[in-house]
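1. Generate a structure from the sequence data that follows.
(one chain, ligands or ions: 1)
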Amino acid sequence: MNIVVLMKQVPDTYAERKLQAGDNTLDRDASDAVINEIDEYAIEEGLLLKEAHGGEVTILTMGPDRATESIRKALSMGADKGVHVLDDALHGSCAITTAKVLAKALGTVEYDLVIAGSEATDSRLSIVPALVSEALGVAQLSGARKVTVDGSTVTIERTTDTGFDRVEGAVPAVVSVVEKINEPRYPSFKGIMAAKSKPVTTLSLSDLGLSPDEVGLVASTTTVESYEEAPPRAAGTIVKDEGNGGAAIAEYLASRKLI
Ligand SMILES: Cc1cc2nc3c(=O)[nH]c(=O)nc-3n(C[C@H](O)[C@H](O)[C@H](O)COP(=O)(O)OP(=O)(O)OC[C@H]3O[C@@H](n4cnc5c(N)ncnc54)[C@H](O)[C@@H]3O)c2cc1C
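-> Numbers count the residues shown, from 1 in each chain. Model prediction:
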C-alpha cells in the first residue's frame, strides 16, 4: 500500500512568532523551523501501515527551501522518499491554493492513502485535508485516533465528546489524524544515515502545470490587512494572605469585573 503523508514545516511552537513588515506574512526566518507536531503522528501512522501492509511512504510538502530539512527528518524516521514543492511564487499562499498545489503534486505520485495532520500549529485552519480530498475527488476521513485498512476499505475511529464514531471509506482516501493515534518514533542513527541517500524530488509550479498568477499572495483568498505587536506583559499583582487572602482575591477579581 502506497501512502503519501502531507507534512508542513512550521515555526517552532515554543518560539516567538512574528509577521514581517511589507507583506504582513509570517516571518519564517525569525525562528527555528520544525515538522508540524501533528504531522509527526501522521508520519508515524504511515510507517505503521507500511509495516503492516508493505508499500512505500512518500512525504509531500509545499514550503520554502529549508523545508528540505524536515523532509530529511521524516526520511530518517523511515519514510522512503520525499516530494518538495518549491517555488518563490508560492510565498503567502492561502489554504485553498495550498490544497490545489498539493493535489496537483499528488497527481505525480502513486498512492492508496493520503495521511495528514488535523491542524498546522502556525495558522491552525484545519482545512487543508478536506480541501485536498475535494480537489482529488476522494473521501476524507477526519480526526482519526485509529486507522485500519482492509483491502480497499479504510476505517477510522473519530473521537467525539461521548466516545467515538467509526467511519468507513473506499481507498484512495484522505485521512487526517489527531495526536491520540500513536507515539511518533525518534529517528535512529541508522535511519539518519540512510535518509541522506533517499530520493527527494523537487517540483516547481511549471512542473505542476500551474502559473505564478494562480498562487501566492496575488491569488490569496485571505490577507492580513494590519497588525500590532502585543503589548509587553505588565507586572502581576501579588495578594499576600494575612488571614484575608480569599476576600482580597475576590475583591481584586470584582474590581476587574471578572466576578
Ligand atoms: C490570514 C492568514 C494569513 C496567512 N499568512 C501566511 C503567511 O504569511 N505565510 C504562510 O506561509 N502562510 C500563511 N497563512 C497560512 C496559509 O494559508 C496556510 O499555511 C496554508 O494555507 C495551510 O493552512 P494551515 O497551515 O492552517 O493548515 P491546516 O489545514 O491547519 O493543516 C492541516 C494539515 O494539512 C497539511 N498541510 C497544510 N499545509 C501544508 C503544506 N504547506 N504542505 C504539506 N502539507 C500541508 C498538514 O498535514 C497539516 O497537518 C495565512 C493564513 C491566513 C488565514
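2. Report how many residues lie close to the nearest residue to His91 once chain neighbours are set aside.
-> Nearest-residue entry for His91: Gly216, 5.5 Å, with adjacent residues in sequence omitted and distances by CB to CB, 6 or more residues apart in numbering. Using the backbone N, CA and C atoms, a C-beta is placed for each residue, glycine as well. Gly216: 19 surrounding residues under other CB atoms under 10 Å.
3. Same check on Glu214?
-> Using other CB under 10 Å, Glu214 has 16 other residues around it.
4. hang on, isn't it packed against Ile96?
-> No: assessed by CB atoms under 8 Å, Glu214 is found out of contact with Ile96, at 10.7 Å.
5. before we move on, the earlier item: which residues touch the residue nearest to His91?
-> Listed by CB atoms under 8 Å, 6 or more residues apart in numbering, the contact partners of Gly216 are 89-93, 97.
6. ok, it to Gly107 distance?
-> For Gly216, the distance to Gly107 equals 20 Å [CB to CB, to the nearest Å].
7. next one: Thr162
-> Counting by CB to CB, the gap from Thr162 to Gly107 is 39 Å.
8. More neighbours: those two, which one.
-> Taking other CB under 10 Å, Thr162 and Gly107 do not tie; Gly107 has more neighbours (12 against 6).
9. if we look at the helix or strand where Val149 lies, which residues are touching it?
-> Using DSSP states H and E, Val149 sits in strand 139-150. Outside of strand 139-150, the residues within contact range by CB under 8 Å, 6+ apart are 1, 45, 49, 53, 112-113, 115, 118, 129-130, 132-134, 154-159, 164, 167, 169-171, 173-178, 180-181.
10. Contacting the ligand as well, which ones from these?
-> Residues of these in contact with the ligand (CB under 6 Å from any ligand atom): Pro129.
11. Give me the buried entries from the contacts of strand 139-150.
-> 1, 45, 49, 112-113, 115, 118, 129-130, 132-133, 154-158, 167, 169, 171, 173-178, 181 (16 or more other CB atoms under 10 Å).
12. Tell me who's in contact with the closest residue to Ser70 other than its chain neighbours.
-> Sequence neighbours aside, Gln9 is the residue nearest to Ser70 in space, at 4.2 Å (criterion: CB to CB, 6+ apart). For Gln9, the contacting residues are 33-36, 61, 63-64, 66-67, 69-70, by CB under 8 Å, 6+ apart.
13. Quick check on Gln9: phi, psi?
-> Main-chain dihedrals, Gln9, degrees, to the nearest 10: phi -90, psi 130.
14. Tell me how far it lies from the ligand.
-> According to CB to the nearest ligand atom, to the nearest Å, Gln9 stands 8 Å off from the ligand.
15. What's opposite that residue in the beta bridge?
-> Under DSSP bridges, the beta-bridge partners of Gln9 are Ile35.
16. what does the chain put close to the ligand?
-> Residues of the chain lying near the ligand (CB under 6 Å from any ligand atom): 6-8, 25-26, 36, 38-39, 42, 60-63, 92, 94-95, 98, 102, 116-117, 119-120, 122-129, 222, 224.
17. Out of the residues you listed, which end up buried?
-> Listed as buried from the residues of the chain next to the ligand are 6-8, 25-26, 36, 38-39, 42, 60-63, 92, 94-95, 98, 102, 116-117, 119-120, 123, 126, 128-129; burial here means 16+ other CB under 10 Å.
18. Parallel or antiparallel, list what pairs with the strand holding Val149.
-> strand 153-159 (antiparallel), strand 173-177 (parallel).
19. how about a markdown table for the contacts of Gly216, with secondary structure and pLDDT added?
-> Below are the contacts of Gly216 laid out as a markdown table (DSSP: H, G, I helix; E, B strand; the rest coil; pLDDT from 0 to 100):
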| residue | secondary structure | pLDDT |
| --- | --- | --- |
| Ala89 | helix | 97 |
| Leu90 | helix | 97 |
| His91 | coil | 95 |
| Gly92 | coil | 93 |
| Ser93 | coil | 95 |
| Thr97 | helix | 97 |
